[in-house]
Every structure is written in structure tokens, then in C-alpha cells.
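Participant: Test case, fold it:
(2 chains)
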Amino acid sequence: MRRVQANAGLPENASLNNVTVVLEDRPILRGISLELRPGLTLVRGPNGAGKTTLLRALAGLTPLARGRRSLPGGVPLYIGHRPMLLRGLTARENLAFLAAFRGRVAGDVAGALRAWGLGDEMDRPIERLSAGQRRRASLARLETEPVPLVLLDEPFADLDSDAIVRLRAALSSAVVRGQAVLVATHMHHELDEGATRRYALDDGVLRET
Amino acid sequence: MSAIDRALLITGRELAAERRHPDGLVAALTFTGLLVLIESLAFGPGQARQPVVASALFWIAILFAATLVTTRSFDRELEDDAIDAILVLDGGHAALYAGKVVAIGIVLAIVALAAATLSLFLLGLEVALPGHLALVGILGILALPPVIVLTTLIALRVRARVALVPILSFPILIPQLVACTQGAAAALTGDASASLGWAGIVAAFALVYGVLGLTIVPAAIE
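Facilitator: Numbering: from 1, shown residues only, chains lettered A, B, ... in the order given. Presented below is the predicted three-dimensional model:
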């Protein structure tokens, strides 16, 4: 299997160093340090623990009040708890656009969408798909944008059992390719076996479990 | 991939979405047509046919149309957090700004063409210098989106965005509105040098705000 090119020569891994995030005068993350090595890292925590903020801080979408973010492998693939696909475009158009923006040839977009069970729906506008289908379309980006660092926020939400199996397989492939994958979820059982590192996030404080 | 290529990708994405669901264009066309009609009736035919008044009515309508189209465009981005997929990417901030400016300029050109046709037909205006009028029109269309897109990005996460964008952008756009109105009025009356002079001022506004937007947009988005 093809390994992710940028990972092999990295001087260091993506990391957060003593990061604090404050939103609307409320500390959401408190002094978090985290290094993301190749493999699957699982962050669990209840609703409101700061999981989404943690991922957004890593992705560069949330400003840091204190601390440092390091992304030596370049821009991560961040898939939030909403699909992040533009309404008015089809699933195929959305994925082709995002791959092209990263400077990648978007030739395998149709194949990726078919693999996620969207063979018949890939040319329908995204707003006409169900929530689960939209989630599948966004997760197909794991195949069309194979970058060294992947950040997934509640990826199991809206998925049926077939799609959950597909997601497990996609994450295993990503790990074999040498990608570092961080999954934030409040579910307690979905990825326990495959995770190489596990953390618990509660009230903005991260601890290894 | 160059910055221009990235911006053009955003433009293509925006126009594709607008083509499939032209709600921004339709709203702007309807609003602009009604505004031109109502303003003409309110002023009365005698007053509304005066070149400066007719030009002012047209540009005020276009200004509101630009706000409508831009607001709809960013509403679409915020649904399902589509905008975050771009903002996370290298060069995403600047490309989003530049791409939106170009796309909204193209949509606005369609609206302006329809509104100009309606104004000329409704008021029975005679155009002494059509080429000059077209030049002022094109430059005016180029000058509006940089400011409105920038203020929309500044107010992106604010709940009162719909009210805040006009409050922030309209005071900045008053000089452009005056220059566009005077330039178009001069073209209607046949004053070529005045029309070109005002067109130059509008072009300068477009350039300054375009460059300013590209410079401060990353900080503005944060």
C-alpha cells in the first residue's frame, strides 16, 4: 500500500504545546500538550468537554490564547461534525474542488464515493442527500485527500452499520499508510481496539488513559 | 497551485452553486427591479429623468443588490460549515476573498445589466456616451464587492451579520457611490472628460480596496 509521502521525512510530529483556548471569555482548553504520531489517536469526552475546539485548534481554525501549534506535515485534513460540503454542488463536485485546491489530481473522486456507497448519489446536489449520505461523502475525503494528519470530529454520527464498517476499514488503511489520525468522539466503544493512544478530555483538560 | 488558480477555483465553485440554485441572483434581480420602479414613481417622471437622479437611483439599487448577493453567498458557506473546509487550507483565506469578489462581481454585472435596461426603458433616458457609461458601470461593479465581501468576512460569526454588514460597508462606499453616480450622469449628458475623471476615481477605489482586502483578510477572518 502507498505510504503518505510527506510523513517519512518529517523532522517531528504535529503537536500542541501547552495550548490554552479561550472563547467568549471562557477557557475551553487548558494547557493542553499533545503529540500526534503516526497511528490512531482517540480522544474521548462528554459533550461540551472541548473536543471540537481541540480539533479546530489543531486545524488552525481557532486562535490560541496561549501555547504553540506545530504542523510540520502541512495542512491537515479536518472533517468536522458537520459535513463541510457546499450546498448547491454535488458530492463529486465538492470533493473534486477540495482535492484540486490542495493541488491534487481529482481523478479518483468517483471511485472514492462509490466505495462509500454513493455511486448513484454522487451527482445529486449535496442538500438532497440524507444526513448519513452527506456524512459518507465528507468521509470519502479520507481517500481523495490522503495527507499526513487527519482530524475527525465525531465521525460515527449519522452513520449506519455498513458505513461504520467502511469507516473502520478506511481508518485502518490510513494507519497502514503512515498517517496520523486523531478521532474525537463521545462514543466509548467504536475504536477501542484499533487505537494506539487514548486520551480523555474533560472540562478542557486532557489526560492519557 | 498559484494564488490566482486557487481564487479562480473558488469563483468557479461559487458560480456553479449559484447556477444550480440562483436564489441570490433572483432575489437581487427582483429587489433591484422593484427598487428602481418604486424610486422612479416616488420621485415622479420629471425628477427621476434627471441624469444625476437616475444615476443615483441605479447605483443605490446596485449597492443593495450587492449586499443581498454577498449575504446569500456567505449564508450558503455557513450551512454545514462548508467555509471551514476552505479556511483550513493553505491560501484559503485570500482565495476565498478574491474568488468571492470575482464571482459576486459577475453576478452583480448581470443584475446591473438588467437594472440599467429597466432604468433606460422606464425613464426613457437618452445616453449621449454609451461607451463611457459602460466603462463607469464596469468599474463601479468592480469597486463594490471588495468592500462588501471584506465587511461580510469581518462580521462572519456575528449573529446580527445582516444588519452589521451595511452598517460597516455603506459609510466606506459613499465616496464610490458618489463617483459612480457622477460618472454615469456625465456619460448620460455627454461630458466625456468628467465621465472619464470619475471613472478613474472609481478604478482607484476598486484597486485600493481590492489590495487592502487581500492584505487584511486573514486577520479579519480570525
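Participant: All the strands of chain A, in order from the start?
Facilitator: A:14-23, A:26-36, A:39-44, A:66-70, A:77-79, A:149-153, A:180-185, A:197-202, A:205-208 (DSSP state E).
Participant: again, but for chain B
Facilitator: Under DSSP E, chain B gives no strands.
Participant: Residue numbers of it in contact with chain A?
Facilitator: B:1, B:6, B:9, B:12-13, B:16-18, B:20-21, B:76-77, B:79-82, B:84-90, B:92, B:95, B:222 (CB under 8 Å from any CB of the partner chain). Where C-beta positions appear, they are placed from N, C-alpha and C, glycine not excepted.
Participant: and stretch A:43-62, what's its mean pLDDT?
Facilitator: The average pLDDT within stretch A:43-62 is 92.
Participant: any idea which helix is longest in chain A?
Facilitator: Determined from DSSP state H, the single longest helix within chain A is helix A:161-176.
Participant: Run through the residues of chain A sitting next to chain B.
Facilitator: Applying CB under 8 Å from any CB, we find that chain A lies next to chain B at A:59-61, A:63, A:74-76, A:78, A:80, A:82-89, A:93, A:97-98, A:100-103, A:125-126, A:134.
Participant: what do you get if the cut-off is 7 Å, keeping everything else the same?
Facilitator: A:59-61, A:63, A:75, A:78, A:80, A:82-89, A:93, A:97-98, A:100-103, A:125 (CB under 7 Å from any CB of the partner chain).
Participant: List only those of those residues flagged as buried.
Facilitator: With neighbours counted by 16 or more other CB atoms under 10 Å in any protein chain shown, these contain buried members at A:59-61, A:75, A:78, A:80, A:82-89, A:93, A:97-98, A:100-102, A:125.
Participant: So which of the residues you listed sit within helices?
Facilitator: A:59, A:93, A:97, A:98, A:100, A:101.
Participant: any idea what sits nearest the third one, other than its immediate chain neighbours?
Facilitator: Closest residue to residue A:97 apart from its sequence neighbours, by CB to CB, 6 or more residues apart in numbering or on different chains: residue B:13 at 5.2 Å.
Participant: So, low pLDDT: which residues of the chain?
Facilitator: Chain wasn't specified; assuming chain A. A:1-11, A:105-107, A:188-190 (pLDDT under 70).
Participant: Same question for chain B.
Facilitator: Scanning chain B residue by residue, none of them satisfies pLDDT under 70.
Participant: so which residue of it comes closest to chain A?
Facilitator: residue B:17 (3.0 Å; CB to the nearest CB).
Participant: got the phi/psi numbers for the closest residue to that residue other than its chain neighbours?
Facilitator: Of all residues not flanking residue B:17 in the chain, residue A:88 sits nearest, at 3.0 Å (CB to CB, 6+ apart). Residue A:88 adopts backbone torsions of phi 100, psi -20, taken as degrees, to the nearest 10.
Participant: Pretty sure residue A:88 sits against residue B:21.
Facilitator: Yes. Applying CB atoms under 7 Å as the test, residue A:88 and residue B:21 come out as touching, 4.8 Å apart.
Participant: Pull the contacting residues for residue B:181.
Facilitator: Residues near residue B:181 by CB atoms under 7 Å, 6 or more residues apart in numbering or on different chains: B:52, B:55, B:56, B:59.
Participant: Buried subset of the residues you listed as a ChimeraX selection?
Facilitator: A single ChimeraX command selects the buried members of those (16+ other CB under 10 Å):
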select /B:55,56,59
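Participant: and the residue of chain A nearest chain B?
Facilitator: For chain A, CB to the nearest CB, closest residue to chain B: residue A:88, 3.0 Å.
Participant: Would you check how far apart that residue and residue A:125 are?
Facilitator: As judged by CB to CB, to the nearest Å, residue A:88 and residue A:125 stand 6 Å apart.
Participant: what's the answer for residue B:89, then?
Facilitator: 23 Å.
Participant: same thing with residue A:28?
Facilitator: Counting by CB to CB, the gap from residue A:28 to residue A:125 is 34 Å.
Participant: next one: residue A:20
Facilitator: Applying CB to CB to residue A:20 and residue A:125 gives a distance of 41 Å.
Participant: that older thread, can you give me every residue that contacts the residue of chain A closest to chain B?
Facilitator: A:125, B:17, B:20, B:21, B:76.
Participant: isn't the last one right up against residue B:14?
Facilitator: No. The pair formed by residue B:76 and residue B:14 falls short of the contact definition of CB under 7 Å, at 8.7 Å.
Participant: neighbour-wise, which of these two wins?
Facilitator: residue B:14 (25 against 22; other CB atoms under 10 Å in any protein chain shown).
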